[in-house]
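> Provided below for reference: sequence and predicted model.
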Amino acid sequence: MLRLVPFLLLFSGACTGFQWTDTIGDGPQLEVCSGDPVKLYWYFNLTQGERLKVIEWKHQARGKHGHLVASYEEENFVPTADFSGRVSHGGTGAIELSCATVLDTGRHTVVVTTVDAAQSLSVHRRSVAVMINDSPKTKSGGLETRQEQKAFHDATTKEWHVRLSCGHFSDRGHPPLDVVWKTPDDGQLSSSDFSDGHFHLLVPNPVKGGNYSCGLPSNTPANKCLPQRSALYTDVTVYVDEVSARFALQEAQLQALKMQVENESQLLQAHLDVARLQVGFHASLGKETTLSDGDHLRSFSVVSNDGQAFNRLSGEFTAPVNGTYFFVGSTGTHTSSHHANMALMKDGIKVSETYLMQVGRNYDSSTVMGSCHAVLHLKNGQKVWLECTYDSTFWRGTVFSGFLISADN
């Protein structure tokens, strides 16, 4: 297996004072394969009169806060709980992390604090970016490719394609890799998407028949960590028959067109059914009725009820479809000092109201009439009714009517 090892950079410092030696310094990124040790060989020398106060090693993953890996103080090397058992001190500023994981990727830093003869503190720092590469993995140990039986519809381009798949990946590695597709004329294409452990390729139209191959890209970091004889190094090929592929695309287009026509036909039929829908009612109380504030006017005698949307017992109309409706309620009183006050209600909201009261002895034999009405937009299931708004006595000629003006498309 190919393994990546860190390089050593010799640092030439001043002849006096703290001096870094044999350090990986602030150089380029250090790459290590998952499972291998991360060797951070930072070394330094102290001059006469200078002593070490503390060494701290820190790790900061990308986009996250840094945290302590280990510290060295008073000749004691103390790893933190997260790194206990797999970090060791390699002398002065050097440490080694065993069995690297992708979680160790990020910036690693050593901070050395020293004290000179004058008791002055000095802080010295070195850091390096570390990338832990992890090889991809598949369920079979190698690559598998095939042509999917059904044509695939690209929602973006609105086109049908032959779709190839390559997998079955359980892990794309770190950093995650893509596969490379080769066409029958030795061209290269990138995957269209990745889902359910498979890379997919939408074959460009018009379909060109021949062998299409799928393989891992060369010289990618994750690829370098594969065992030398890994089956993942071998490309896999699928043959696409041009005639049958184009026939499958035509069949898929025809099936889609058929479904579109059927859906549009059903939608048109629904619109026609709504257009032919007749909804309307007319009802009266039939006898004088005394009610309290908030009571529904109910127990109507129905004259007509097209669409059966009016319930005579509850006095409620329930909209059968979304649309615009007209409603009117008419009432009166012919008894002196009696009220006949009611409101037209939509799902408990007052939309129209009438206020009637007969006064004076000269009017005892007369009837005072009034009405409340409204044009309302209702959704399917919404209700409309007449409601008493003050203790009232309603004349037997009280009526409630309504009808659908137009249904929504």
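All right, it came through fine.

> Which strands and helices lie in contact with the helix or strand of the chain with the lowest mean pLDDT?
Averaged element by element with mean pLDDT, DSSP states H and E, the chain has its least confident helix or strand at strand 392-394 (a mean of 85). With contacts taken as 3 or more C-beta pairs under 8 Å, 6 or more residues apart in numbering; DSSP states H and E, strand 392-394 sits against strand 289-291, strand 323-333. The way it works is simple: take the backbone N, C-alpha and C, and place the C-beta from them, glycine included.

> Would you tell me which of those gets closest to Lys137?
Judged by C-beta to C-beta, the one of the helices and strands packed on strand 392-394 that comes nearest to Lys137 is strand 323-333, at 59.7 Å.

> Where is the longest strand in this structure?
Secondary structure of the chain per DSSP state E: the longest strand is strand 121-133.

> what's downstream of that strand, the next helix or strand?
Following strand 121-133 in sequence order, the next helix or strand is strand 137-138 (DSSP states H and E).

> now that next one, how far from the centre of its chain.
Here the centre of strand 137-138 is set off from its chain's centre by 27 Å, with C-alpha atoms, centre = their mean, to the nearest Å.

> again with stretch 164-178
How far stretch 164-178 lies from its chain's middle: 22 Å, per C-alpha atoms, centre = their mean.

> Give me the average confidence score over it.
Mean per-residue pLDDT for stretch 164-178: 94.

> Need the distance between the two termini of that stretch.
The first residue of stretch 164-178 is 14 Å away from its last residue (C-alpha to C-alpha, to the nearest Å).

> again with stretch 307-321
Stretch 307-321 has its terminal residues 11 Å apart, counting by C-alpha to C-alpha.

> what does stretch 188-207 give?
Note: stretch 188-207 ends 15 Å apart using C-alpha to C-alpha.

> Mind checking the pLDDT average for that stretch?
Across stretch 188-207, pLDDT averages out at 96.

> Which of the residues in that stretch are classified as buried?
191-192, 194, 198-203, 207 (16 or more other C-beta atoms under 10 Å).

> Looking at these, point me to the pair that's furthest apart.
Farthest-apart pair in those is Phe194 and Val207; separation 22.1 Å (C-beta to C-beta).

> Any idea what the residue nearest to the spatial centre of the chain is bridged to?
The centroid of the chain falls nearest to Ser195 when counting by C-alpha atoms, centre = their mean (15.5 Å). Listed by DSSP bridges, the beta-bridge partners for Ser195 are His198.

> how close does it get to His174?
Here the criterion is C-beta to C-beta, to the nearest Å. By it, Ser195 lies 19 Å from His174.

> next one: Asn311
As judged by C-beta to C-beta, Asn311 and His174 stand 67 Å apart.

> same thing with Val368?
The gap separating Val368 from His174 is 87 Å, by C-beta to C-beta.

> what about Val243, neighbour count?
By the criterion of other C-beta atoms under 10 Å, Val243 has 9 neighbours.

> Now the element after the stretch of helix or strand it belongs to, going C-ward?
Element membership of Val243, judged by DSSP H and E, is helix 242-276. Next along the chain after helix 242-276, taking DSSP H and E as the criterion, comes strand 280-284.

> Show residues contacting that next one.
Residues outside strand 280-284 that contact it (C-beta atoms under 8 Å, 6 or more residues apart in numbering): 300-307, 309-310, 312, 317, 396-404.

> same deal with stretch 396-409?
271, 274-275, 277-289, 297, 300, 306-307, 310, 315, 317, 321-332, 340, 367, 375, 384, 386.

> Out of those residues, which end up buried?
For those, a burial check counting by 16+ other C-beta under 10 Å picks out 274, 279-285, 289, 297, 300, 307, 310, 315, 317, 321, 323, 325, 327-332, 340, 384, 386.

> Could you check how far Asp241 is from Tyr390?
Asp241 is 84 Å from Tyr390, by C-beta to C-beta.

> swap in Gln228?
For Gln228, the distance to Tyr390 equals 95 Å [C-beta to C-beta].

> try Ser140
Note on Ser140: its distance to Tyr390, by C-beta to C-beta, is 82 Å.

> re the thing from before, so what touches the least confident helix or strand of the chain?
With C-beta under 8 Å, 6+ apart as the test, strand 392-394 has contacts from 285, 288-291, 297, 331-333, 335, 338-342, 388.

> strand partners of that strand, parallel vs antiparallel please.
Strand 392-394 has these strand partners (DSSP bridges): strand 289-291 (antiparallel).

> could you give me the average pLDDT of the partner strand?
Averaging pLDDT along strand 289-291 gives 88.

> cool, and stretch 329-348?
pLDDT averaged over stretch 329-348 gives 85.

> quick check: domain ranges of the chain?
Under the assignment automatic domain parsing, the domains of the chain span 19-133, 137-247, 280-407.

> got TSV for the ones you listed, with distance to Ser265 too?
Shown next, in TSV, are these (distance: least, C-beta to C-beta, whole Å):
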stretch	distance to Ser265
domain 19-133	53
domain 137-247	21
domain 280-407	19
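
> So for Asn263, which of these sits nearest?
domain 137-247 (15.0 Å).

> Figure out how far that closest one is from the centre of its chain.
In terms of C-alpha atoms, centre = their mean, the centre of domain 137-247 is set 26 Å apart from its chain centre.

> Asp134 and Pro176, how far apart?
The value you get for Asp134 to Pro176, if C-beta to C-beta is used, is 10 Å.

> which of those two has more neighbours?
For Asp134 versus Pro176, neighbours defined as other C-beta under 10 Å are more numerous around Asp134 (21 against 13).

> OK, contacts around the more buried one?
33-34, 102, 171, 173-174, 222, 225.

> ok, of those, which come out buried?
Among the contacts of Asp134, the ones that count as buried by 16+ other C-beta under 10 Å are 33-34, 173-174, 222, 225.

> thinking again about what came up before, what element comes up after the least confident helix or strand of the chain heading to the C-terminus?
Later in the chain than strand 392-394, the nearest helix or strand by DSSP H and E is strand 399-407.

> Please save the CA atoms from that next one in CSV.
Extracted in CSV, the C-alpha atoms of strand 399-407 (Å, rounded to 0.1, in the frame of the first residue of the first chain):
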residue,chain,number,x,y,z
VAL,A,399,-86.7,33.6,4.7
PHE,A,400,-83.1,32.6,3.9
SER,A,401,-81.8,32.2,0.3
GLY,A,402,-78.5,31.7,-1.5
PHE,A,403,-76.9,30.5,-4.7
LEU,A,404,-73.6,29.9,-6.4
ILE,A,405,-72.7,32.7,-8.8
SER,A,406,-69.5,31.1,-10.2
ALA,A,407,-67.2,28.3,-9.2
